[in-house]
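Trainee: I'll drop the sequence and a predicted model, then ask my questions.
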Amino acid sequence: MHNLHEWHVENPHLTRQNRSQYQFKVNMWTGILNSQIIGPFEQPDALNGEVYLTFLQNHLPSLLEDVPLNIYREMWFQQDGCPAHYTRSVREYLDEEFPGRWIGRSGPISWPGRSPDLNPLDFFYWGAVKEKVYSKAIENEFELRQRIAEAAEFVNNGRFARKIARSL
């Protein structure tokens, strides 16, 4: 819903055909660490606090297994305003795993979930991925997943994460 924003000086009333509302959907998680994209990782369609906590405890560590321990101990974890990210159990886990180093609703660092300056995944990454994914009509859910993987690989190979990290 908030993953594609355009600002134009010459034509501030630009409109475009919306191609992102299809009958197929998948829920993906992605992260940026230094100049590396982590993921994407598919989440269940019905994301709630319990499911998200399971992801944080069981899947995120394997996604970060190649991160050196000294970097892991100093890295920050930021999330958007998704209600599943706000449950007490998730916040308690993040307080333990990233003490004083996580950004989100009711976290040690509270930040607006839709702030374009500190949420490059929503305001750049997913917009760029959606541009590639929805460039043509999608026939089925398998094709959607395949296009997401190809678009993510394109963004990763284009070293966009490095540019995103520098812009922060």
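Mentor: Happy to help now that I have it.
Trainee: all contacts plus neighbour counts: C-alpha atoms, from now on.
Mentor: OK.
Trainee: mind listing the helices for the protein?
Mentor: 49-54, 60-63, 69-74, 88-97, 120, 126-133, 141-157, 160-167 (DSSP state H).
Trainee: buried set for the first one?
Mentor: So that's helix 49-54. Going by neighbour count (16 or more other CA atoms under 10 Å), the buried part of helix 49-54 is Gly49, Tyr52, Leu53.
Trainee: do the same with the fourth one
Mentor: Across helix 88-97, burial judged by 16+ other CA under 10 Å covers Val90, Arg91, Leu94, Glu97.
Trainee: now the residues you listed in a markdown table, with distance to Phe142 and pLDDT?
Mentor: Below are the buried residues of helix 88-97 laid out as a markdown table (distance: CA to CA, whole Å; pLDDT from 0 to 100):
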| residue | distance to Phe142 | pLDDT |
| --- | --- | --- |
| Val90 | 31 | 95 |
| Arg91 | 34 | 94 |
| Leu94 | 33 | 96 |
| Glu97 | 35 | 94 |
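Trainee: between those, which is nearest Gly107?
Mentor: Arg91 (7.0 Å; CA to CA).
Trainee: Having no further points to raise, I will conclude here.
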